[in-house]
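# Need the 3D shape of this:
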Amino acid sequence: MAEEKNGRDINDSDDLRKRNSSSAYDRSAIILATTNTAFLDFTENWLESLKRVNITDHVNIIAEDKSAYEELSKRSDIKLKIFLTNETNVPATFLRFGTEKYIQMVNKRPMYVLSYLRKGIDVLFSDVDTVWLQNPMPFFYGEYDIHIGRDVYEKERNDVCAGFVYYSATNAAINLVVKWIDLIQAKPKINDQILLNQLFKNKYIRTALKVNYLDQRKFVNGKDYFNPEWRMKNSNIKPVVVHNNWIIGHDIKIQRFKNVSMWYLQ
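Predicted structure coming up:
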């Protein structure tokens, strides 16, 4: 990360966890996301959802192109710390899931996370195609290395989602992310989430981690939440975060949010 605008120094973020969590940890924490110009509308919608749950500080965004960096740097309604990545080879256009350029972009995310963890700073990484309906910070309590949601939670298969993860700055979490980066470098054509799941299936790596699997009814994936039958069955539970995944395409994602009144942009 080369340039930065807005917000305060990263070391000034040391009260986020204390203010929002019941954990006894003394470490600081930040919220981290990445974006490019094509996903700026989702980024703006995500930021609006943060404001609606009174999160207006300690938000770090890494822009993958200069236009996104310049646009986000104009905002003054929320305290953002904006970085422009050193590697600006990612196009500003929409990157379809699974394409080579898409994989190149998402596979940089573990390196960004690691840069904070090595400074002793916890990281809540979030995709920008999420909407936050409650402040999630109080849910990250306990002596865990990672709090993570799942895309698949079946008896035979239990796949984690790399798009919403709380990383504690522990040795075990750092070791996992280092192994993850090594695997990405060895297999650069495979996306980060697939490789993270490969690591989670390694019993030696998995047993070294203290993992809290987030309640899938509160941290909901797109396959479930946008199914009317699921929402009716779970109508007594208020979601914390809704992830608009399990679907491919920019405009169809927007329409999905609009259908449930979660698209906040005019």
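# Nearest residue to residue 77 in space, please, no chain neighbours.
Leaving aside its chain neighbours, residue 77 sits nearest to residue 51 (7.3 Å; criterion: C-beta to C-beta, 6 or more residues apart in numbering). Every C-beta, even on glycine, is put in place using the N, C-alpha and C of the backbone.
# For the one you found, give its distance to residue 135.
Residue 51 sits 11 Å away from residue 135, going by C-beta to C-beta, to the nearest Å.
# Name all residues that make contact with residue 116.
10, 30, 32, 122-123, 169 (C-beta atoms under 8 Å, 6 or more residues apart in numbering).
# Skip the chain neighbours and tell me the closest residue to residue 234.
In space, residue 234 comes closest to residue 217 once its chain neighbours are excluded; the distance is 5.3 Å by C-beta to C-beta, 6+ apart.
# quick one: the one you found and residue 237 touch, right?
Yes: the pair residue 217 and residue 237 qualifies as a contact (C-beta atoms under 8 Å) at a distance of 4.9 Å.
# Pick out whichever of those two has more residues nearby.
Each of residue 217 and residue 237 has its neighbours counted (other C-beta atoms under 10 Å); residue 217 has more, 16 against 12.
# Now that one: phi and psi?
phi -80, psi -20 (degrees, to the nearest 10).
# Can you give me the distance of it to residue 128?
22 Å.
# what helix or strand is residue 61 on?
Here residue 61, judged by DSSP states H and E, is contained in strand 59-63.
# Identify the neighbouring strands of that strand in the sheet and state each direction.
Sheet pairing for strand 59-63, assigned by DSSP bridges, gives strand 28-35 (parallel), strand 80-84 (parallel).
# Next, count neighbours for residue 55.
Using other C-beta under 10 Å, residue 55 has 20 neighbouring residues.
# For residue 78, see how far away it is.
8 Å.
# do the same with residue 153
Residue 153 is 33 Å from residue 78, by C-beta to C-beta.
# low-confidence ranges in the chain?
1-26, 87-100, 102, 154-156 (pLDDT under 70).
# so where's the longest strand in it?
Longest strand in the chain, counting residues (DSSP state E): strand 158-167.
# In contact with the residue nearest the centre of the chain: list those residues for me.
Centroid-nearest residue in the chain: residue 126, 1.5 Å away (criterion: C-alpha atoms, centre = their mean). When contacts are counted by C-beta under 8 Å, 6+ apart, residue 126 touches 31-33, 46, 132, 163-164, 241.
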